[in-house]
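In: here is the input, now give the coordinates:
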Amino acid sequence: MTVRPEDAGLSSAGLDRVDAAIQEQIDRGVLAGAVTLVARHGKVARTSVLGTDRRFPRKPLHAGTIFRVFSMTKPVTGVAMGILADRGLWRPEDPIARYLPELRGLRLLTGAEPGHPPTMRELLTHTAGFGYGRDRSDPLHRFYRKEKPFRARDLDEFVARVARLPLAFEPGSSWRYSIAMDLQGAIIERLSGRSLPEFFQEHIFGPLGMTDTAFHTPPAKRRRRATLYYTGGPFRLLPIPNPLYRDHDATPPAAFGGMGLVSTAGDYARFAQMLLDGGAGIVSTEALTAQLSNQLPEALLRRGFHVGHMDLRPGFGYGYNGAVFHDPVAAGAPVGRGTYQWDGAAGTWFWVDPEHDLLFVGMIQLLSYSAPPLQKITQALLADALLDDGKTR
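Out: Coordinates of the predicted model:
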């Protein structure tokens, strides 16, 4: 349901300023285009289509343009894990190896045994000791380069390759962005007896009416998929094929829980609204509360951890498969308490703010180390667009 912004407690002029900030990036040639959606009190206040998908040859953007959301797959995997927790199939304190026995006997980089086997809670919070091994200066790099876990033909082979990798640190002692959610995908398959794409479709996408969200773009929808751009060095908005994985036109045999979904702004907003609605019958409020609550001790957050445009710190921690502002005043952020968010490698971003009963989804397709921090920019501007405290619908 779409309403006037004022009918949802938002200022039209304030939303104009959000649009203008993104349009400025388009006018400067930083972005080709963007689709954004803001909803409050369960009502869509604005969907904005800015710029174009491609200028030469011209291809317009639409509200229904399909975007690669990359790591915005992770919160969806978190909900799938919550559904299985509701069935009593796993507990946070359980060792990961109870569900992935190949991971029994994992060792540290030093070759020593860890003080305890990594647990499910640690897997869902990036504190288990895994990594991505992409940085050449990372001691893990040579191991990940040798095993190439993402070359696996299916998730069973993926787990077998991970079993030969060392842990970067004692489980629970640090935080590192990692393959943890991809391992969750393997756990979902084993506990449910369904492939990850089947489980997502049957238990999340289908019930929510997310008709354009999947691990592939069928040929009939391919023209709707956005152009992917790269900016870096001498290149500026260079159209490129997906360098991180193949864009599939059919369900892939290996679908990973940490990346790979495509979606639209409207579809992902349906998912985000479910988070605001306490699970909406998809997942229990108890499981969802665990996902949307900070799970990291303040002592760990005081060390500070950086990933993309986000800096985990006191007041801005990590729940299950996403970051959360559990104390926005301490974090210096203009959002409500409990705001849960994540983003994707090509610049897509979203957040849900339960205190203000608000959600925002932003879709672009830009791989760049110099991309603007659109999450922070739009959060600050949207805070100024609020007309009430959001505690009543």
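
In: check the secondary structure at residue 254 for me.
Out: At residue 254 the chain is in coil, as set by DSSP: H, G, I helix; E, B strand; the rest coil.

In: buried residues in the biggest strand by length in the chain?
Out: Longest strand of the chain, by residue count under DSSP state E: strand 43-54. By 16 or more other CB atoms under 10 Å, the buried positions in strand 43-54 come out as 43, 44, 45, 46, 47, 48, 49, 50, 51, 53, 54. C-betas here are computed from N, CA, C, even on glycine.

In: can you check stretch 345-355 too?
Out: Within stretch 345-355, the residues scored as buried using 16+ other CB under 10 Å are 345, 346, 347, 348, 349, 350, 351, 352, 353, 354.

In: domains of this structure?
Out: As assigned by automatic domain parsing, the chain contains the domains 5-72+195-385, 81-192.

In: start to end distance for the last one?
Out: End-to-end distance for domain 81-192: 10 Å, by CA to CA, to the nearest Å.

In: where along the stretch 251-393 of the chain do the helices fall?
Out: In the stretch 251-393 of the chain, the helices defined using DSSP state H, counting those that start in this stretch lie at 265-276, 285-291, 298-301, 328-331, 374-385.

In: no, scratch that, I was asking about the stretch 101-250 of the chain
Out: Remark: helices assigned in the stretch 101-250 of the chain by DSSP H, counting those that start in this stretch are 120-124, 141-147, 155-162, 180-192, 196-200, 206-208.

In: out of the ones you listed, which gets nearest to residue 316?
Out: helix 120-124 (17.5 Å; CB to CB).

In: ok, now which ones touch the spatially most central residue of the chain?
Out: The residue lying closest to the centre of the chain (CA atoms, centre = their mean) is residue 72, at 2.4 Å. The neighbourhood of residue 72, defined by CB atoms under 8 Å, 6 or more residues apart in numbering, consists of 261, 263, 268, 342, 343, 344, 348, 349, 350.

In: then residue 167?
Out: Going by CB under 8 Å, 6+ apart, residue 167 touches 106, 107, 108, 109, 114, 118, 128, 129, 130.

In: are any of those residues buried, and which?
Out: So, by 16+ other CB under 10 Å, the buried ones in those are 106, 108, 114, 118, 128, 129, 130.

In: just checking, the first one touches residue 163?
Out: Yes: Residue 106 is within contact range of residue 163, at 7.4 Å (criterion: CB atoms under 8 Å).

In: just the strands in the stretch 51-200 of the chain please.
Out: In the stretch 51-200 of the chain, the strands defined using DSSP state E, counting those that start in this stretch lie at 59-60, 67-70.

In: moving C-terminal from the longest helix along the chain, which element do we reach first?
Out: The helix spanning the most residues in the chain, taking DSSP state H as the definition, is helix 12-27. Using DSSP states H and E, the helix or strand that follows helix 12-27 in sequence is strand 33-40.

In: okay, now the unreliable bits of this protein?
Out: Along the chain, the parts satisfying pLDDT under 70 run over 390-393.

In: one more time with 90
Out: Within the chain, the ranges that satisfy pLDDT under 90 run 1, 55-58, 134-137, 233-235, 388-393.
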